[in-house]
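J.: what follows is a predicted protein model with its sequence.
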Amino acid sequence: MEKNIEQVDKELLNEISNLDDISKGAYNIRKNGKGIERKVTDNVDIVTKTDKSGIDIYVKENTKFEFIHIPVIITESGLNDLVYNDFYIGKNANVVIVAGCGIHNNHHKDSQHDGIHRFFLEEGAKVKYIEKHYGEGEGTGKRILNPVTAVYLKAGSSMEMESSQIKGVDSTIRETRGELENNTNFVVSEKIMTHGKQFAKTTFDVKLDGENASTHVTSRSVATDDSEQFFVSKIYGNAKCFAHSECDAIIKDNAKVTATPEITANSVDANLIHEAAIR
């Protein structure tokens, strides 16, 4: 893996995903809009899309405790990178997927990465998904990250998502969507920090379609200086289900935070709770 990895690349990769851990499982490293390194295993295959930019990741059924890393790094100022990644998780598989993007921008042009990730979990599958975003550089060009995560859970499957915005991201719009069938569980934990004139907007849109489907969405954020954050949560209870959404924000200086909860019960057996606190 060393042949295509420069020192600045290593530093970015260490911020969003421990470089030493990447080579232990399947991985695909994308740099400046192109794949530069890839490794597959007996249970995990990674295939380049032919109709658009991105990859398809296939996990065999009954795969247990394998790691998959798909980091993205950008060191080119002025680049606008868009990628579509689809994950197909087989029945009863249990894997950890580590993603995220690091941008190094030392110039005056904006650098942007938009990643659209879709997860299709078969019956009984389990996924832990970790996503970290990070920006750095001395230039005046912005570092922009707009991730979209769409989750489709079949009966008995579950997904845990941990997303973190570490620092240095000037603008981000984060969208997370979920459609849950019977006896499924979707847990989301988000951490965001903004400073300066940074902007961050997070939207959650989760549909609890199956009986005994459940979700727990937690957002923890800190906004300082003149930064601005928006949190929008929409949860639809369409059957006997349970949902708990909470937003906890701390503001300092001239920062602004807006939280907009929306819970819709389309079934008398839906149990939906939302909590929001800004301090």
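T.: Happy to help now that I have it.

J.: make it CA atoms for all contacts and neighbour counts henceforth
T.: Noted.

J.: quick one: K10 is in a helix?
T.: Yes - according to DSSP: H, G, I helix; E, B strand; the rest coil, the state of K10 is that of a helix.

J.: show me what contacts it?
T.: Remark: with contacts taken as Cα atoms under 8 Å, 6 or more residues apart in numbering, K10 is in contact with L19.

J.: domain-wise, how is the chain divided?
T.: Using automatic domain parsing, the domain ranges for the chain come out as 1-148, 170-279.

J.: for the last one, give the mean pLDDT please.
T.: Within the predicted structure, the mean pLDDT of domain 170-279 is 96.

J.: please name every helix or strand in contact with the helix or strand harbouring M161.
T.: In this assignment (DSSP states H and E), M161 forms part of strand 158-167. Contact partners of strand 158-167 among helices and strands, from 3 or more Cα pairs under 8 Å, 6 or more residues apart in numbering; DSSP states H and E: strand 126-136, strand 185-194.

J.: okay, those strands in a markdown table with distance to E15 and mean neighbour count next?
T.: Compiled in a markdown table, these are given as follows (distance: least, Cα to Cα, whole Å; neighbours: other Cα atoms under 10 Å):
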| stretch | distance to E15 | mean neighbour count |
| --- | --- | --- |
| strand 126-136 | 7 | 21 |
| strand 185-194 | 15 | 20 |
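
J.: distance to A255 for those - can I get that in a markdown table?
T.: A markdown table is the format used below for the helices and strands packed on strand 158-167 (distance: least, Cα to Cα, whole Å):
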| stretch | distance to A255 |
| --- | --- |
| strand 126-136 | 20 |
| strand 185-194 | 9 |
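
J.: out of those, nearest to A155?
T.: strand 185-194 (9.6 Å; Cα to Cα).

J.: now the closest one against strand 126-136, angle please.
T.: Direction vectors for strand 185-194 and strand 126-136, defined by axes from the mean of the first three to the mean of the last three Cα atoms, to 10 degrees, enclose an angle of 10 degrees.

J.: other SSEs contacting strand 185-194?
T.: Contacting strand 185-194 under the criterion 3+ Cα pairs under 8 Å, 6+ apart are the following elements: strand 158-167, strand 213-223.

J.: parallel or antiparallel, list what pairs with that strand.
T.: strand 158-167 (parallel), strand 213-223 (parallel) (DSSP bridges).

J.: how about the contacts made by the residue nearest the centre of the chain?
T.: By Cα atoms, centre = their mean, the chain has its centre lying nearest to E131, at 4.7 Å. The neighbours of E131, taking Cα under 8 Å, 6+ apart as the test, are 16, 98-100, 161-164.

J.: if we use 10 Å, what do you get?
T.: The neighbours of E131, taking Cα atoms under 10 Å, 6 or more residues apart in numbering as the test, are 16-17, 70-71, 97-101, 147, 161-165, 190.
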